[in-house]
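**Q** Just need the structure, nothing else, for what follows:
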Amino acid sequence: MLAAMAVMFLGMGGVIVWLCHGVYQNYKRLQVADCRSAVDFQAERINKNIRELQERARSLALCAFGYYNAPVKDRELAEIEVQSHFTEGSVAVGGGIWFEPGKIEPGQRLWCIYSFNDGMDVLIAKSFESEQYNYLGQMWYKSVREQLKGVRDIAWTPPYFDDEGTKALMTTAGAGIYDRDWNFVGMSTVDWKLDSMARDTARIRPTENSFSLFADARHDYILALNDRNVGGDPLGKSLSTLPWYVADAGEESEFDYAGERYISFRRELDNGMAIVVNVPEDELFAAVYASLWSTVAAFFGACFLLSLLTYLLQEWLVSRPIKYLSQKADEIGRGNFDAEIRLERNDELGTLAAAIGTMARNIKTHISELRDVTAEKQRIATELDLARNIQSSILPSIFPPYPEKEEFDIYAKMVPAKEVGGDFFDFFLVDEKHLAVVVADVSDKGVPAALFMMIAKTLVKNFAQLGLPAGEVFGRANRQLCEHNDAGMFVTAFMGILEIDTGVFSYVNAGHNPPCVSRSGGAFEMLDVPPGFVLAGMEDSMYAEKTTRLAPGDRLFLYTDGVVEACDRSNELFGDDRMIAALNGCGAKSDDIQALVHHLGSAVADFANGARQSDDITLLGLVYLGGAGQK
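**A** The predicted model follows:
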């Protein structure tokens, strides 16, 4: 017995040594994790401010875009919109919109609106529009102007002291303002005061001799440093003056400095700034070293007592109850979920006995609930199938739709990505001499998109049947869709109205894919369409209308982006080139428009090769066979 206990004790001793080593390493990891969390917290805090500033700059640019393109420019309203970006709670101290010379008023060199929060109210500063200030020549304006390359770009200036207003260390975020042809016409800016943020970052000191750095790494500018080994004020100095700083050191690294070993934690911020916290290794792990031996002693004593207690009580307190529970578990496993377990104990085995009993009851309940869930899923599937049938019923489905009309032939179909889709197509006779065709795509899929689709389809058709031009149809439908659009959904759409007798085709586009046209049985090519803005996007959007003439034999093909954005198993897109090649491959002189639509649908399916369909697919083909005005 003693030999067995000695062997057990030695075995437990080996386990204890291994556990102590693991605990030691784990303590070190926890200390490092605490430092990492402190740096991550501050970095995320600053990044949250940076992201807010960037979004405010983009929002200001969007306001300026609306003002620039408005038919009537109300400066007072524009000032109110700019002021609304700098209300109480904003991290920005001010900002505004600035236009290039002559963009608002011909011959007017300077035009801007700058707003700031003085702590009590949000004001408009008039002095920035003067020739004395001349914002076109300011460093921040030139810096932002040089960095902006595209619509979604955000540019950050190097840190600078604001001599005009706050008398503080600042940086500015800017976004570009572009006209409808994507030409640069000005910029929006948001100013950020760095003083308090730099002080808060410099105070991060996990241990007594830790020190922190807050810097603009992109512009090589020190914003704050609390290293007691660096004399003088380091503000504004180059990072190269720090003997320990390595530009590409990574998020965590180690270095020797001033006779000590340091662990360095570095986080790059969204605007190119960086936080670096350096902690002496000996200080960080001092508590770990002190507790190591006490932990070892505690483990050895506990394991020895546990071994002895286990040897004495194992048979009476463990073996018999385990055997009993094993028999009951086997009984439950054979399907007797009503088996009763009698083991009244206040230890783990009592808890296990109660858990086994609870498990048996839960399994029995779960089997019953599973039957209910299966029935509920079947009900939902039935309702979705009904929704799909309802959606299909509101789309034209009888072909040919107008057998008495010999001037044209038309065919269309839609393949939803889910049970119901957000795409729709429609065609209808406005009167005996005009045929309207519509293809559209709602910004989402599923039931919400299907409901929004039905509203959009109804509005477009109702306005078109009033005999309105295509551009006015979209304008009125857009205004109706913008009302109460709390879900933020939008629709891309293309609509054309064909004068049946003459072949004149008037069309308008709302951010949709351009149709393809085949002239006199020739090859398909993209139709020149105005870009237009989506429906339900902005209430005051206007839609330009264009006109072309179809000759007998000309064909039109309309579609949604589910065609060109269909992916195969390697996530390669079907694309415009493959679509046009498939259209031309159906037979360049074929008047069978139904065959053309089915041929393209098959080409998309063959390309996907079983890959999951990610978007609704809608196809509509129209062939003009000639009217009375062309005979």
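
**Q** When you work out contacts or count neighbours from here on, use the C-alpha atoms and nothing else.
**A** Will do.

**Q** Now do the helices in the stretch 501-631 of the chain.
**A** 561-564, 575-584, 593-608 (DSSP state H, counting those that start in this stretch).

**Q** just the stretch 1-150 of the chain next, same as before
**A** Using DSSP H, counting those that start in this stretch, helices in the stretch 1-150 of the chain cover 2-69, 75-83, 139-147.

**Q** and stretch 213-233, which residues are buried?
**A** 213-217, 220-227 (16 or more other Cα atoms under 10 Å).

**Q** now that stretch: mean pLDDT?
**A** Mean pLDDT, computed over stretch 213-233, is 85.

**Q** Could you do stretch 439-452 as well?
**A** 84.

**Q** What are the contacting residues of that stretch?
**A** The contact list for stretch 439-452, computed with Cα atoms under 8 Å, 6 or more residues apart in numbering, reads 391, 417-426, 453, 489-495, 512, 558-561, 615-616, 618, 620.

**Q** measure that stretch end to end?
**A** 14 Å (Cα to Cα, to the nearest Å).

**Q** Going by neighbour count, which residues in that stretch are buried?
**A** For stretch 439-452, by 16+ other Cα under 10 Å, it's 439-447, 449-452.

**Q** now the closest residue to residue 140 other than its chain neighbours: how far from residue 171?
**A** Once flanking residues are discounted, residue 140 sits nearest to residue 157: 5.9 Å by Cα to Cα, 6 or more residues apart in numbering. Distance of residue 157 to residue 171, computed by Cα to Cα: 6 Å.

**Q** How about residue 329?
**A** 69 Å.

**Q** swap in residue 120?
**A** Taking Cα to Cα, one finds residue 120 at 23 Å from residue 171.

**Q** Neighbour count: those two, which is higher?
**A** For the pair residue 120 and residue 171, the greater number of neighbours falls to residue 171 (18 against 8), based on other Cα atoms under 10 Å.

**Q** The more buried one pairs with what?
**A** residue 192 (DSSP bridges).

**Q** next one: residue 409
**A** residue 623.

**Q** count of neighbours near it?
**A** 21.

**Q** my guess is it meets residue 400, correct?
**A** Yes - counting by Cα atoms under 8 Å, residue 409 touches residue 400, with 7.1 Å between them.

**Q** if we can go back for a sec, go through the helices of the stretch 1-150 of the chain and find the least confident stretch.
**A** helix 2-69 (a mean of 82).

**Q** Please find the angle between the direction vectors of it and helix 75-83.
**A** Interaxial angle of helix 2-69 relative to helix 75-83 (axes from the mean of the first three to the mean of the last three Cα atoms, to 10 degrees): 170 degrees.

**Q** Helix 2-69 - contacts with which helices or strands?
**A** helix 75-83, strand 92-99, strand 154-156, strand 169-178, strand 184-193, strand 260-268, strand 273-280, helix 286-313 (3 or more Cα pairs under 8 Å, 6 or more residues apart in numbering; DSSP states H and E).

**Q** what's the average pLDDT for the last one?
**A** Put plainly, it is helix 286-313. Here the average pLDDT along helix 286-313 is 68.

**Q** quick one on the thing from earlier: of the helices and strands packed on helix 2-69, which is nearest residue 598?
**A** Comparison of these against residue 598 by Cα to Cα identifies strand 169-178 as nearest, at 41.5 Å.

**Q** which secondary structure elements does that closest one contact?
**A** So strand 169-178, by 3+ Cα pairs under 8 Å, 6+ apart, packs with helix 2-69, helix 139-147, strand 154-156, strand 160-161, strand 184-193.

**Q** Which of the buried residues of stretch 213-233 sits closest to residue 61?
**A** Using Cα to Cα, the buried residues of stretch 213-233 come closest to residue 61 at residue 216, 25.0 Å.

**Q** Apart from its chain neighbours, what residue comes closest to the closest one?
**A** residue 273 (4.1 Å).

**Q** The one you found is in contact with residue 213, isn't it?
**A** No - counting by Cα under 8 Å, residue 273 does not reach residue 213; the two are 10.5 Å apart.

**Q** what's the closest of the helices of the stretch 501-631 of the chain to residue 365?
**A** helix 593-608 (43.8 Å).

**Q** show me the contacts for residue 103.
**A** Taking Cα under 8 Å, 6+ apart as the test, what residue 103 contacts is residue 185.

**Q** With residue 43 instead?
**A** 267-269, 275.

**Q** Repeat that for residue 625.
**A** 406-409, 551-554.

**Q** want to throw the helices of the stretch 1-150 of the chain into CSV with distance to residue 478?
**A** Formatted as CSV, the helices of the stretch 1-150 of the chain follow (distance: least, Cα to Cα, whole Å):
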stretch, distance to residue 478
helix 2-69, 16
helix 75-83, 23
helix 139-147, 34
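
**Q** Need the buried residues of stretch 439-452 in TSV (columns: distance to residue 167 and secondary structure).
**A** As requested, these are exported to TSV (distance: Cα to Cα, whole Å; DSSP: H, G, I helix; E, B strand; the rest coil):
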residue	distance to residue 167	secondary structure
439	57	strand
440	54	strand
441	52	strand
442	50	strand
443	47	coil
444	49	coil
445	52	coil
446	54	helix
447	55	helix
449	52	helix
450	56	helix
451	55	helix
452	52	helix
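
**Q** ok, the closest residue to residue 569 other than its chain neighbours to residue 570 distance?
**A** Take residue 569 and drop its neighbours on the chain: the residue closest to it by Cα to Cα, 6+ apart is residue 611, 5.2 Å away. As judged by Cα to Cα, residue 611 and residue 570 stand 9 Å apart.

**Q** Which one's more surrounded, the two?
**A** residue 611 (15 against 8).

**Q** What is the end-to-end distance of stretch 239-251?
**A** Using Cα to Cα, the two ends of stretch 239-251 sit 17 Å apart.

**Q** make that stretch 234-241, sorry
**A** 9 Å.

**Q** list the buried ones in that stretch?
**A** Quick answer for stretch 234-241 (16+ other Cα under 10 Å): 234, 239.

**Q** contact partners of it?
**A** So stretch 234-241 is contacted by 215, 217, 220-225, 245 (Cα under 8 Å, 6+ apart).

**Q** Just the closest of the residues you listed to residue 28, please.
**A** For these, the nearest to residue 28 is residue 245 (24.2 Å; Cα to Cα).

**Q** quick one: contacts for that closest one?
**A** Contacts of residue 245 by Cα under 8 Å, 6+ apart are residue 239.

**Q** could we number from 85 for the rest of this?
**A** With 85 as the first residue, the last one maps to residue 329.
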